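# Below are the sequence and a predicted model; questions follow.
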Protein chains: 2
Amino acid sequence: MTLASKDEAAVRARLNTWADACRAMDIDAIMACYAPEAVSFDCHSVFRLKGLDSHRRHLEACFPYMVAPMTLDLHELSVAAGGGVAFAHYAMQCGATGQDGQEHRSWLRGTICLREIDGRWLIVHDHCSAPFDPMTNTAMLDAGPEDLKKVA
Amino acid sequence: MTLASKDEAAVRARLNTWADACRAMDIDAIMACYAPEAVSFDCHSVFRLKGLDSHRRHLEACFPYMVAPMTLDLHELSVAAGGGVAFAHYAMQCGATGQDGQEHRSWLRGTICLREIDGRWLIVHDHCSAPFDPMTNTAMLDAGPEDLKKVA
């Protein structure tokens, strides 16, 4: 295995750990995937989160509205890694059951950026979003990639 | 200059070229910053753009609504580069004058991912967004980082 493919495999393993932690809505396990100074752009409510404390408070505010586990399916995952720097992007179908018992599904776009720190690949930045309709300023939560929606 | 700092300087130069091309709303100059297979998540209208043709059509559809130049101020820019892989993220204050003569300003979050291809750093992925308010599903276009808004 080349160094680049070894790095890519390690990054994909970290993404799997992160996605599993998100599905389980396990805040400690999610936070363990991030570097202390990570900057996160989440899809809703806040412009940006700086550092683990603000990220944790954000999740603690969100998760009571949902019942675990969350659905989180990554599509079109692309990973690049080299020299201790890596990024990944994907289309993501998310679903969560609200306290009303109804499942709410949406398509989101995701980007995750990582660095290898003391031999461990950690997330230093992530960005999750939905596009908005410029005529109404409404989030387009069911847009999704047309070709994927047919089979999803 | 170390290899890492040389890479970072080259990535910052590419970001400056890209930002200048966006300000000038020069579609050819913008496209010249991207790799042919780039995947873009723009803040509005489309879930994702794959490749230069779809990206170009998207800009051609948007730019007639605005009068050049566009305001594009990057704040909190963070850059990581190494081994032919790089990423950057920032808070961005954008402004554009509409055909009605009114200036529309907004705060957006941006992430740009690059690869060194045949000695040139090119954008292979970018992600631009506003968060949405989950109670109303409305894009929060004037959120911005609280500490920056005071001086902006």
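Happy to help now that I have it. Numbering: from 1, shown residues only, chains lettered A, B, ... in the order given.
# Can you report how many residues neighbour residue A:102?
Here the number of neighbours of residue A:102 (other C-beta atoms under 10 Å in any protein chain shown) works out to 8. Quick note: C-beta positions are derived from backbone N, CA and C, even for glycine.
# what residues are up against it?
With contact set as C-beta atoms under 8 Å, 6 or more residues apart in numbering or on different chains, residue A:102 has no partners.
# So which residues of chain A form strands?
With strands called from DSSP state E, chain A shows them at A:34-41, A:49-50, A:66-82, A:85-98, A:103-117, A:120-129, A:132-133, A:138-139.
# among those strands, which is nearest residue B:62?
Residue B:62 lies closest, by C-beta to C-beta, to one member of the strands of chain A: strand A:132-133, at 13.1 Å.
# returning to that earlier point: okay, the strands of chain A in TSV with distance to chain B and mean neighbour count next?
Formatted as TSV, the strands of chain A follow (distance: least, C-beta to the nearest C-beta, whole Å; neighbours: other C-beta atoms under 10 Å in any protein chain shown):
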stretch	distance to chain B	mean neighbour count
strand A:34-41	4	20
strand A:49-50	9	18
strand A:66-82	3	17
strand A:85-98	4	21
strand A:103-117	4	21
strand A:120-129	3	22
strand A:132-133	4	19
strand A:138-139	4	21
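# Now render these as a markdown table, adding mean pLDDT.
Output for the strands of chain A, formatted as a markdown table (pLDDT from 0 to 100):
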| stretch | mean pLDDT |
| --- | --- |
| strand A:34-41 | 98 |
| strand A:49-50 | 96 |
| strand A:66-82 | 94 |
| strand A:85-98 | 95 |
| strand A:103-117 | 96 |
| strand A:120-129 | 98 |
| strand A:132-133 | 96 |
| strand A:138-139 | 97 |
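# now the residue nearest to residue A:85 when sequence neighbours are not counted: how far from residue B:24?
Distances taken as C-beta to C-beta, 6 or more residues apart in numbering or on different chains put residue B:82 closest to residue A:85, at 4.3 Å, once the chain neighbours are dropped. Distance, residue B:82 to residue B:24, by C-beta to C-beta, to the nearest Å: 31 Å.
# OK, now which residue of chain A is nearest to chain B?
Residue nearest to chain B within chain A: residue A:83 (2.2 Å; C-beta to the nearest C-beta).
# For that residue, give its distance to residue A:68.
37 Å.
# count of neighbours near residue A:101?
Residue A:101, neighbours per other C-beta under 10 Å, totals 7.
# scratch that, residue A:100
9.
# quick one, phi/psi of it?
phi -80, psi 0 (degrees, to the nearest 10).
# top helix in chain A by residue count?
When chain A is scanned for its longest helix (criterion: DSSP state H), the result is helix A:3-24.
# Give me the average confidence score over that one.
In this model, helix A:3-24 has an average pLDDT of 95.
# what angle separates it from strand B:85-98?
Angle of helix A:3-24 versus strand B:85-98, following axes from the mean of the first three to the mean of the last three C-alpha atoms, to 10 degrees, is 60 degrees.
# picking that back up, state the phi and psi torsions of the residue of chain A closest to chain B.
The phi/psi pair for residue A:83 (degrees, to the nearest 10) reads phi 60, psi 30.
# That one contacts residue B:83, correct?
Yes - with contact defined as C-beta atoms under 8 Å, residue A:83 counts as touching residue B:83 (2.2 Å).
# hang on, the earlier thing: ok, the residue of chain A closest to chain B - how many residues close by?
Neighbours of residue A:83 using other C-beta under 10 Å come to 20.
# need the contact list for it.
B:4, B:81-85.
# With distance to residue A:146 as new columns, can these be given to me in TSV?
TSV is the format used below for these (distance: C-beta to C-beta, whole Å):
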residue	distance to residue A:146
B:4	40
B:81	34
B:82	36
B:83	35
B:84	32
B:85	29
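# Assess the claim that residue A:105 and residue A:72 are in contact.
No - Residue A:105 lies out of contact with residue A:72 (C-beta under 8 Å); the separation is 11.0 Å.
# what do these two both touch?
In contact with both residue A:105 and residue A:72: A:93-94, using C-beta under 8 Å, 6+ apart.
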